[in-house]
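**Student:** any chance you could fold what I've pasted below:
(2 chains, ligands or ions: 2)
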Amino acid sequence: MNIVVLVKQVPDSGAERNLRSDDSTVDRGSASNVINEMDEYAIEEALRIREAHGGEVTVLSMGPAGAAESIRKALSMGPDGAVHVVDDALHGSCAVATSKVLAAALRTLSPDLVLCGAESTDGRVQVVPHMLAERLGVAALTGARKLTVDGGTLTVERQTEEGYEVVTAPAPAVVSVWDTINEPRYPSFKGIMAAKKKPLRTLALADLGIPADEVGLAGATSAVVEHSQRPPRSGGQKITDGGDGGVRLVEFLAAEKFV
Amino acid sequence: MAEVLVVVETTGAVGAAGGYGVKKVTLEMLTLARELGEPAAVVFGAPGGAQELGAKLGEYGAVKVYAAEGEQITAHLVAPKATVLAELIRRVQPAAVLIGSTQEGKEIAGRVAVKLDNGLLTDVVALAADGTATQVAFAGSTIVKSRVTRGLPLVTVRPNSVTPTPAPAAAPAVEAVAVALGENDTLARVVERVAEQKGTRPELTEANVVVSGGRGVGSADNFKLVEEIADLLGGAVGASRAATDSGFYPHQFQVGQTGKTVSPQLYVALGISGAIQHRAGMQTSKTIVAVNKDPEAPIFELADFGVVGDLFKVVPQAAEEIRKRT
Ligand SMILES: Cc1cc2nc3c(=O)[nH]c(=O)nc-3n(C[C@H](O)[C@H](O)[C@H](O)COP(=O)(O)OP(=O)(O)OC[C@H]3O[C@@H](n4cnc5c(N)ncnc54)[C@H](O)[C@@H]3O)c2cc1C
Ligand SMILES: Nc1ncnc2c1ncn2[C@@H]1O[C@H](COP(=O)(O)O)[C@@H](O)[C@H]1O
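**Tutor:** Ligands and ions are numbered 1, 2, ... in the order given. The predicted structure follows:
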């Protein structure tokens, strides 16, 4: 099976994150950048499918030049090669444009299966997988906590509010995974060394036949008007339990009319 | 006045008529929609659902209900809904389209955005009459105002952002919408829906009160303490990732960056340290209360009322005190 895994580099969610003051795009310069956590689960799932059914795993990422670092890190887990879509004109792309670029790159790779994370931690939009499926005319099975590949049929189990559901679709399809699906492996020393030699191809917009004014800030379908830091919560009361902590807690709740 | 389409989020058995309910976020969206135009609800589901929900939707100002119902809708994931909605948008040219910021809601919105080459704003907490939307980004630390610059305002609304207020319209007319699908819309088929036992507690993202437990709760069995307080306060139960990963509580109740985002009137954190990824899911709660034995726990930076102490002493005492008072 020819699998493409989508990997996005994002600012570390454990550090302070900001929008830039000049153009209101995500500040990818100051915070340390990492692989979007859920994408690591997608990589792991791709490797497991390759182990069981054979085939190739290719990492695809759209992002600034610095994203190459995360792509190498992804390769060190075990994929065979990577494609990096990088172009200055992409800076500030909205989800609609991002999906246009990723879909064009995917067409050049003709995968049987596209695996990705269920959401990215910077945007948290959860829309790219379905946008890609829409553009490619294939099914999207999202939020998988379990994936089985049986010949050309993909079956996914996904959590719902009420319980869970089992959904199926023919390959090729886009499958997004939740962090309950597996436990991603750590790159081994050998894997890290091997990653340095794996093919990493870069593609520019021109290679994909997409005009620069359809992406980036110029082609964005939405715009930030203004942004500000939310005022920090003003410090409340903190008491140390001296035997009546539970009662005092309820007194507070009663004063606030919750009891 | 132009219509404002509101995609109805329902509770209850999908695919089966009867027992349908309207999620609170739907009423919030209708309340918002009234500021922008004439609210028109869009109901997807099994036949009869729209009829069943009509009265409730009318109570919150829906002047019309579009019904797209049947097997074609319920047997597949979101693609058919997006196709129907995009066609409806082309036809009625609404002033705005509001969809719940749930997984399914965002997915429908994403597909519609591509079909119509239209901008999309997710996790919106307020929407002005001129289409300017307010979003909360980066774990609630940043407030962003933005606008769709191509197409009409297509937004997904985060639950618990608006206080739903009734504004009865005359009983809304139900108009059946043709479901004309493309061949790719039915590729993803639902083969099984398994309903797991659902108690009487409110849904996590919609609850007015959420009581969450963390690693400090110590075991699945001890989560009964968390449930007890939740039930006494009429709230939902949540959990930190450490608690769900340790198997103390099921994953779907995880609050935080990789779990649910909640914004209740009251959030109670028991034995939770308050890591940034946990805060991402709860920091816009109105009132926050915490019990933790570590005085340095970051959760206290957020708490309006914090008790430094052993939760196994503080929580049972609190439960007892609530019972005394009610
Ligand atoms: C990419 C990423 C995504 C993540 N997403 C999420 C997410 O969605 N949600 C989430 O919650 N976390 C998430 N995390 C994990 C997060 O960083 C923390 O590890 C997690 O929130 C810790 O959970 P906790 O507070 O329950 O556990 P701990 O940090 O271990 O805290 C337990 C607390 O309980 C207190 N305690 C112990 N015993 C008692 C007692 N008897 N009485 C009172 N207090 C007691 C301790 O003092 C301590 O403060 C994510 C992490 C990453 C890297
Ligand atoms: N720029 C990108 N490059 C590669 N993959 C991406 C990119 N943006 C989003 N994705 C993928 O789409 C998933 C969902 O992202 P989102 O819709 O932004 O929440 C992510 O987990 C990634 O796998």
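**Student:** ok, how many other residues are close to the residue of the stretch 1-150 of chain A found nearest ligand 1?
**Tutor:** Relative to ligand 1, the nearest point of the stretch 1-150 of chain A is A:E37 (3.8 Å; CB to the nearest ligand atom). The way it works is simple: take the backbone N, C-alpha and C, and place the C-beta from them, glycine included. Neighbour count of A:E37, defined by other CB atoms under 10 Å in any protein chain shown: 19.
**Student:** give me the phi and psi angles of it.
**Tutor:** When read as degrees, to the nearest 10, the backbone of A:E37 gives phi -50, psi -50.
**Student:** assign a three-state SS to the closest residue to it other than its chain neighbours, would you?
**Tutor:** Leaving aside its sequence neighbours, A:E37 sits nearest to A:T121 (CB to CB, 6 or more residues apart in numbering or on different chains; 6.2 Å). Under DSSP: H, G, I helix; E, B strand; the rest coil, A:T121 falls in the coil class.
**Student:** related to what we said a few turns ago, so what's the residue of the stretch 1-150 of chain A closest to ligand 1 up against?
**Tutor:** A:E37 makes contact with A:13, A:117, A:121, A:179, B:258, according to CB atoms under 8 Å, 6 or more residues apart in numbering or on different chains.
**Student:** can you show me the helices along the chain?
**Tutor:** Going with chain A. Secondary structure of chain A (DSSP state H): helices at A:37-53, A:68-76, A:95-109, A:128-136, A:189-195, A:205-208, A:245-255.
**Student:** ah, I was thinking of chain B
**Tutor:** Taking DSSP H as the test, the helices found in chain B are B:24-33, B:49-59, B:71-74, B:79-92, B:103-116, B:223-232, B:241-245, B:276-279, B:299-302, B:311-325.
**Student:** so which of these is nearest B:V42?
**Tutor:** Nearest to B:V42 among the helices of chain B is helix B:79-92 (6.5 Å), distances taken as CB to CB.
**Student:** what about that closest one and chain A, touching?
**Tutor:** Yes - Helix B:79-92 is in contact with chain A by CB under 8 Å from any CB of the partner chain, via B:79, B:82.
**Student:** ok, A:A218 - how many residues close by?
**Tutor:** 14.
**Student:** my guess is B:G21 contacts B:T11, does it?
**Tutor:** Yes - using CB atoms under 8 Å as the test, B:G21 is close enough to B:T11 to be in contact (4.2 Å).
**Student:** these two: who's more crowded?
**Tutor:** Neighbour count, other CB under 10 Å: between B:G21 and B:T11, B:T11 has more, with 17 against 13.
**Student:** about what we covered before: the helices of chain B: which one's closest to A:S61?
**Tutor:** A:S61 sits nearest to helix B:103-116 of all the helices of chain B, at 19.5 Å, using CB to CB.
**Student:** do the lengthiest strand in chain A and chain B meet?
**Tutor:** Looking across chain A with DSSP state E, the single longest strand is strand A:139-150. Yes - using CB under 8 Å from any CB, strand A:139-150 reaches chain B at A:139-143, A:145.
**Student:** how about stretch A:97-115?
**Tutor:** Yes - counting by CB under 8 Å from any CB, contacts between stretch A:97-115 and chain B involve A:S99.
**Student:** what about the residue of the stretch 151-259 of chain A found nearest ligand 2, neighbour count?
**Tutor:** Across the stretch 151-259 of chain A, the shortest distance to ligand 2 (CB to the nearest ligand atom) belongs to A:S176, at 6.2 Å. As a burial measure, A:S176 scores 30 neighbours (other CB under 10 Å).
**Student:** same thing with A:P232?
**Tutor:** A:P232 has 10 neighbouring residues, counting by other CB under 10 Å.
**Student:** need the residues of chain A near ligand 1, please.
**Tutor:** Chain A comes close to ligand 1 at residues A:13-14, A:37, as judged by CB under 6 Å from any ligand atom.
**Student:** give me that answer again for 5 Å
**Tutor:** By CB under 5 Å from any ligand atom, the residues of chain A that approach ligand 1 are A:E37.
**Student:** for chain A, which spans come out with low pLDDT?
**Tutor:** Per-residue confidence for chain A (pLDDT under 70) gives these ranges: A:30-31.
**Student:** near A:R72, how many other residues are there?
**Tutor:** A:R72 has 17 neighbours, counted by other CB under 10 Å.
**Student:** skip the chain neighbours and tell me the closest residue to it.
**Tutor:** Nearest residue to A:R72 in three dimensions, chain neighbours excluded: A:A195, at 5.3 Å (CB to CB, 6+ apart).
**Student:** and the gap between the residue in the stretch 101-250 of chain A positioned nearest to ligand 2 and A:H130?
**Tutor:** For the stretch 101-250 of chain A and ligand 2, the shortest gap (CB to the nearest ligand atom) falls at A:G117, measuring 2.6 Å. Applying CB to CB, to the nearest Å, the value for A:G117 to A:H130 is 13 Å.
**Student:** surely B:G105 and B:V155 touch.
**Tutor:** No - using CB under 8 Å, B:G105 is not in contact with B:V155, being 10.1 Å away.
**Student:** okay, and the common contacts of these two?
**Tutor:** Residues touching both B:G105 and B:V155 (CB under 8 Å, 6+ apart): B:I99.
**Student:** more crowded one of the two?
**Tutor:** Neighbours were counted for B:G105 and for B:V155 using other CB under 10 Å; B:V155 has more, 27 against 24.
**Student:** ok, now which ones touch the more buried one?
**Tutor:** With contact set as CB under 8 Å, 6+ apart, B:V155 has these partners: B:96-99, B:109, B:120-122, B:124, B:127, B:133, B:148.
**Student:** mind running it again at 7 Å?
**Tutor:** Contacts for B:V155 (CB atoms under 7 Å, 6 or more residues apart in numbering or on different chains) come out as B:98, B:121, B:124, B:127, B:133.
**Student:** quick check: the residue of chain B nearest ligand 2.
**Tutor:** Nearest residue of chain B to ligand 2: B:G110, at 7.4 Å (CB to the nearest ligand atom).
**Student:** how near is that residue to A:E44?
**Tutor:** Distance of B:G110 to A:E44, given as CB to CB: 25 Å.
**Student:** who has more neighbours out of those two?
**Tutor:** Taking other CB under 10 Å, B:G110 and A:E44 do not tie; B:G110 has more neighbours (30 against 20).
**Student:** which residue is the nearest non-sequential neighbour of the more buried one?
**Tutor:** Spatial nearest neighbour of B:G110, chain neighbours left out: A:V127 (3.2 Å); criterion: CB to CB, 6+ apart.
**Student:** how many other residues sit next to the residue lying closest to A:F252 once chain neighbours are set aside?
**Tutor:** The shortest distance from A:F252 to any residue other than its chain neighbours is 4.4 Å, reached at B:F305 (CB to CB, 6+ apart). For B:F305, the neighbour count with other CB under 10 Å is 22.
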